[in-house]
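Undergrad: Need coordinates for the following:
(one chain, ligands or ions: 2)
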Amino acid sequence: MVGVSETKMGRDEDGETNMAAWLLGIRNLQIQPYLLPPLGPHDVEVRIKALGICGSDVHYFKNMRNANFVIKKPMILGHECAGIVEQLGSQVKSLEVGDRVALEPGSSCQICNRCKKGRYNICPEMKFFGSAPTNGALANKVVHPENLCFKLPDNVSLEEGAMCEPLSVGIHACRRAEVGPETNVLIVGAGPIGLVTLLAARAFGAPRIVIVDVDDCRLSIAKKLGADESVQVSTNIQDVGEEVVKIQNVMASSIDVSFDCVGFRKSLTTALSATEAGGKVGLIGLAQGDLTIPLSSAAVREIDVVGIFRYRNTWPLCIEFLSTGKIDVKPLITHRFDFTQKGIEDAFETSAGGGNAIKVMFNV
Ligand SMILES: [Zn+2]
Ligand SMILES: [Zn+2]
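TA: Ligands and ions are numbered 1, 2, ... in the order given. Now for the predicted structure:
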């Protein structure tokens, strides 16, 4: 693929060249100039200070695509971020220069029916940082709408601010499945999204939470983060029946809500089968496109299957949970890198390598 055009020198009035991490091809990330879009009346310019790598960034890095989103020209990755406001659009009233803010990455059209119903996360016109073809935020600076920048209190760090993005997925999932003090929760998958869902379910008051995964190491992290019990499972679909009995025994009470944070035939079959009649199954992970699952047996037990896509209106609650200490996301941050050419290469290889990495964070 071609590099970023020479004419796109992202130089400011003050002479600083804004740099960003451009994905030019498979496993080919380069720090190159990024000319910011003009600052609209309701936009702010934010200097990015912390940015976490997400599974979707890694998919683009490895394949130049993520599900149906394909990268056709150089694109900047990254959407889990926080920074400091440096410039205000002419009409900005809610923020000031110097404010520390967490950025919600998706900007919706605000005029379609879904937006009007408040379900802006499923807006068909959504422009989302680092989701093709929209550029992301792994850059020195970005321009973003004022209403998607949330001021952080002094006791919430910029790294924690960046963690509002993945945490939002867990919060939205718990809202969608109506998790509360009377719902025991099963979480299938102890990757980053399973873990934030665990933290959110606890904060929503779930009395008992059981988590399952194939990886023993991830399960021990989940236990440290507050899971009541964990069950190690196999990848073999034949084992589902036996494992479901084990999971139900370990829960020792009804499983009212299950979240599939993986999205394979086996994980969703486990969630559907383990859930108590009348309960809910939330679909968060979408690893596989089409799945063969026992849907009719779930239907006759009146299991509600709830789709979960990103989040909406979650940043204020995330910040509240972080500020009051109800949720601690710091143990999820396992690796830190600088925003240099070597730093971005090492960071993405670390994140892509799986292993013991949960959240890989840039200090830009
Ligand atoms: Zn993410
Ligand atoms: Zn819309």
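
Undergrad: Touching, S234 and E242? I think so.
TA: No - judged on Cβ atoms under 8 Å, S234 makes no contact with E242 at a distance of 9.5 Å. Any C-beta I mention is one placed from the backbone N, CA and C, and that applies to glycine too.

Undergrad: Find the helix or strand that the residue nearest the centre of the chain is a member of.
TA: Central residue of the chain (Cα atoms, centre = their mean): P166, 3.0 Å from the mean position. Assigned by DSSP states H and E, P166 falls within helix 164-176.

Undergrad: Paired strands for whichever strand or helix holds F150, with orientation please.
TA: Here F150 sits within strand 149-151, counting by DSSP H and E. Its sheet considered, strand 149-151 pairs with strand 100-103 (antiparallel) by DSSP bridges.

Undergrad: Can I get the strand it pairs with in CSV, CA atoms only?
TA: The C-alpha trace of strand 100-103 is given here as CSV (Å, rounded to 0.1, in the frame of the first residue of the first chain):
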residue,chain,number,x,y,z
ARG,A,100,-8.6,16.2,31.3
VAL,A,101,-11.2,14.2,29.3
ALA,A,102,-12.1,10.7,28.4
LEU,A,103,-13.3,10.4,24.8
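
Undergrad: For that strand, give me every contacting residue.
TA: 44, 46, 49, 81-85, 95, 129, 137, 142, 144, 148-152, 158, 161-162, 164-165, 315, 318-319 (Cβ atoms under 8 Å, 6 or more residues apart in numbering).

Undergrad: how far out from the middle of the chain is that strand?
TA: 16 Å (Cα atoms, centre = their mean, to the nearest Å).

Undergrad: returning to what we had before: where's the residue nearest to the centre of the chain relative to Q87, distance?
TA: To Q87, P166 is 28 Å away according to Cβ to Cβ, to the nearest Å.

Undergrad: Could you pull up phi and psi at A222?
TA: phi -60, psi -40 (degrees, to the nearest 10).

Undergrad: Please name the nearest non-neighbouring residue to the residue in the stretch 151-300 of the chain that ligand 2 sits nearest to.
TA: Going by Cβ to the ion, ligand 2 is nearest to H172 of the stretch 151-300 of the chain, at 17.1 Å. Distances taken as Cβ to Cβ, 6 or more residues apart in numbering put Y311 closest to H172, at 3.6 Å, once the chain neighbours are dropped.

Undergrad: again with D256
TA: Closest to D256 by Cβ to Cβ, 6+ apart is T183, at 4.1 Å.

Undergrad: That neighbour reaches A206, doesn't it?
TA: Yes - applying Cβ under 8 Å, one finds T183 in contact with A206, separated by 5.7 Å.

Undergrad: so what sits against both of these two?
TA: Contacts common to T183 and A206, judged by Cβ under 8 Å, 6+ apart, are V257.

Undergrad: re the thing from before, for the nearest residue to the residue nearest to the centre of the chain once chain neighbours are set aside, give its distance to A227.
TA: Distance criterion Cβ to Cβ, 6+ apart; nearest residue to P166, sequence neighbours excluded, is V196 at 5.0 Å. Counting by Cβ to Cβ, the gap from V196 to A227 is 13 Å.

Undergrad: Likewise for F150?
TA: F150 is 28 Å from A227, by Cβ to Cβ.

Undergrad: out of the two, which sits in the more crowded spot?
TA: Between F150 and A227, counted using other Cβ atoms under 10 Å, the more crowded position is A227 (25 against 21).

Undergrad: which parts of stretch 282-293 are buried?
TA: 282-285, 287, 291, 293 (16 or more other Cβ atoms under 10 Å).

Undergrad: can you tell me the distance between the two ends of that stretch?
TA: 14 Å (Cα to Cα, to the nearest Å).

Undergrad: same thing with stretch 131-150?
TA: End to end - Cα to Cα - stretch 131-150 spans 21 Å.

Undergrad: For it, give the mean pLDDT please.
TA: On average, the pLDDT along stretch 131-150 is 97.

Undergrad: again with stretch 257-276
TA: Mean predicted lDDT for stretch 257-276 stands at 97.

Undergrad: Now do it: distance to the chain's middle.
TA: That offset, for stretch 257-276, works out to 20 Å (Cα atoms, centre = their mean).

Undergrad: Quick one: end-to-end distance for it.
TA: When the end residues of stretch 257-276 are compared by Cα to Cα, they are separated by 8 Å.

Undergrad: same deal with stretch 109-118?
TA: By Cα to Cα, one end of stretch 109-118 lies 12 Å from the other end.

Undergrad: What are the contacting residues of the strand holding F150?
TA: By Cβ under 8 Å, 6+ apart, strand 149-151 touches 44, 46, 85, 94-95, 99-104, 161, 164, 315-316, 319.

Undergrad: Downstream of that strand, the next helix or strand is which one?
TA: helix 158-162.

Undergrad: Mind giving me the packing neighbours of that next one?
TA: strand 43-52, strand 80-88, strand 100-103, strand 359-363 (3 or more Cβ pairs under 8 Å, 6 or more residues apart in numbering; DSSP states H and E).

Undergrad: Could you save the ones you listed as a markdown table and add columns showing mean neighbour count?
TA: Listed next are the helices and strands packed on helix 158-162 as a markdown table, based on neighbours: other Cβ atoms under 10 Å:
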| stretch | mean neighbour count |
| --- | --- |
| strand 43-52 | 24 |
| strand 80-88 | 23 |
| strand 100-103 | 25 |
| strand 359-363 | 22 |
